[in-house]
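Student: below: sequence and its predicted model.
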Number of protein chains: 2
Amino acid sequence: MPKHRSGCPVSISLESFGDRWSLLIIRDLMVRGYRTFKEFQQSGEGIATNILADRLKKLQAVGIITTEADPADGRKLNYRLTEKGIDLAPVILELLIWGTRHEDTGAPCAVIDEMAKNREAVLKEVRRRWRERDPRPFLPRFGSKNDVGRR
Amino acid sequence: MPKHRSGCPVSISLESFGDRWSLLIIRDLMVRGYRTFKEFQQSGEGIATNILADRLKKLQAVGIITTEADPADGRKLNYRLTEKGIDLAPVILELLIWGTRHEDTGAPCAVIDEMAKNREAVLKEVRRRWRERDPRPFLPRFGSKNDVGRR
DNA sequence: AATATTACTTGCATTATGCAAGTTATTTTG
DNA sequence: CAAAATAACTTGCATAATGCAAGTAATATT
């Protein structure tokens, strides 16, 4: 049984994260500084806990994320992008730019336009924060329908 | 009822093409010069015809592709990327680069590396071919498990 | 006129997703 | 230190999406 549908890199990539949720988890890890199950869950998109658990398991299986126990709280697991995972930054950035340009989103066009003009610098900074474990979010949440009573 | 899960551009984008097939159709249109239902179907990934029909309908509904009747053959419908669709070129390119770099694919690393070094030029050429309806494929098929007896 | 091609639909089995509730292992609180 | 809370999941079940095989309607070709 062959492993993949085809040898096309695009196709093989989509086998790892071609669904409605995986790239959002990666986004959360990459630009929002999220690390725990709880944070992903409260990310605002409304992912169900069983699906979240499933996606985390699969992303780990394909080497995009890893886990480490939280040294300060034994209940927590901290998820983190691998090198392979952080290399998805250009993909996320292009999705961000495309979505902002072509859809009615909550993101300020001017800010994203600026990022589009400085792709290299943005990617460098994203990667720097990842490498140095700088927890500051690069982008905020943009508001969601699950936000009503939330702080 | 709110239209989207959240205001995040990445999330909203994935609502249009966040699945296992949509981006492959877009890839076929963008870099392989495919235009017809039949060609997508024989693309090598093994998409079922009902799913293909569904995805074409949805991509059209969100304005990423359009159709035009084939002037030479009344049976054929020619699909074509819209401006919004061709703007996904950077996303496809980054997926191609990432997949080649991190997975065992059928694409030659050297060639893709070269493309990664000349992203702007590659994107410009892809867009040119789209604008001028130049039918030459930019990338070949990379072989698939459905290829056994196929020429 | 008969056969082939293209772009689909339809029916049905299998799989994935969504939702609510429950579980286990730690903290935290009174 | 016992009780309540929290974190990270699981489980069960209904609904929706997907995959597969077969069928159909409108051209085109032989």
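Tutor: Cool, got the structure.

Student: surely A:Gly44 meets B:His4?
Tutor: No - with contacts counted by Cβ atoms under 8 Å, A:Gly44 stays clear of B:His4, the gap being 10.7 Å. C-betas here are computed from N, CA, C, even on glycine.

Student: neighbour count winner among these two?
Tutor: A count of neighbours by other Cβ atoms under 10 Å in any protein chain shown puts A:Gly44 above the other of A:Gly44 and B:His4, at 21 against 17.

Student: nearest residue to the more buried one other than its sequence neighbours?
Tutor: A:Ser144 (3.6 Å; Cβ to Cβ, 6 or more residues apart in numbering or on different chains).

Student: which residues does the one you found bridge with?
Tutor: B:Ser6 (DSSP bridges).

Student: what is the burial count for it?
Tutor: 20.

Student: let me know the pLDDT of it.
Tutor: You'll see A:Ser144 listed with a pLDDT of 70.

Student: how much space between it and A:Arg136?
Tutor: A:Ser144 is 21 Å from A:Arg136, where distance means Cβ to Cβ, to the nearest Å.

Student: and A:Thr105, by the same measure?
Tutor: 22 Å.

Student: with neighbour numbers in mind, choose between these two.
Tutor: A:Thr105 (23 against 7).

Student: contacting residues for A:Ile92?
Tutor: A:Leu23, A:Ile26, A:Arg27, A:Met30, A:Val31, B:Val10 (Cβ atoms under 8 Å, 6 or more residues apart in numbering or on different chains).

Student: hmm, the first one is touching B:Pro9, no?
Tutor: Which is A:Leu23. No - using Cβ under 8 Å, A:Leu23 is not in contact with B:Pro9; the gap is 11.7 Å.

Student: okay, the two: which has more neighbours?
Tutor: Higher neighbour count among A:Leu23 and B:Pro9: B:Pro9, with 26 against 23, using other Cβ under 10 Å.

Student: what sits against the more buried one?
Tutor: By Cβ under 8 Å, 6+ apart, the contact set of B:Pro9 is A:Leu95, A:Leu96, A:Ile97, A:Trp98, A:Gly99, A:Thr100, A:Glu103, A:Thr105, A:Gly106, A:Ala107, A:Ile112, A:Phe142.

Student: with A:Trp98 instead?
Tutor: With Cβ under 8 Å, 6+ apart, A:Trp98 has these contacts: B:Pro9, B:Ser13, B:Asp87, B:Leu88, B:Pro90, B:Val91.

Student: let's have those in JSON lines, adding distance to A:Ala121, secondary structure and pLDDT.
Tutor: Output for these, formatted as JSON lines (distance: Cβ to Cβ, whole Å; DSSP: H, G, I helix; E, B strand; the rest coil; pLDDT from 0 to 100):
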{"residue": "B:Pro9", "distance to A:Ala121": "19", "secondary structure": "helix", "pLDDT": "97"}
{"residue": "B:Ser13", "distance to A:Ala121": "22", "secondary structure": "helix", "pLDDT": "98"}
{"residue": "B:Asp87", "distance to A:Ala121": "22", "secondary structure": "coil", "pLDDT": "98"}
{"residue": "B:Leu88", "distance to A:Ala121": "23", "secondary structure": "coil", "pLDDT": "98"}
{"residue": "B:Pro90", "distance to A:Ala121": "16", "secondary structure": "helix", "pLDDT": "98"}
{"residue": "B:Val91", "distance to A:Ala121": "20", "secondary structure": "helix", "pLDDT": "98"}
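
Student: chain A: which of the residues you listed is nearest?
Tutor: Nearest to chain A, judged by Cβ to the nearest Cβ, of those is B:Pro9 at 2.9 Å.

Student: give the residues shared as contacts by A:Leu23 and B:Pro9.
Tutor: Joint contacts of A:Leu23 and B:Pro9 (Cβ under 8 Å, 6+ apart) are A:Leu95.

Student: please report phi then psi for the residue of chain A found nearest DNA strand C.
Tutor: Using Cβ to the nearest atom of the strand, the single residue of chain A nearest to DNA strand C is A:Gly74, 2.6 Å away. Here is the backbone geometry of A:Gly74 (degrees, to the nearest 10): phi -60, psi -20.

Student: also A:Lys76?
Tutor: Dihedral angles (degrees, to the nearest 10) for A:Lys76: phi -90, psi 140.
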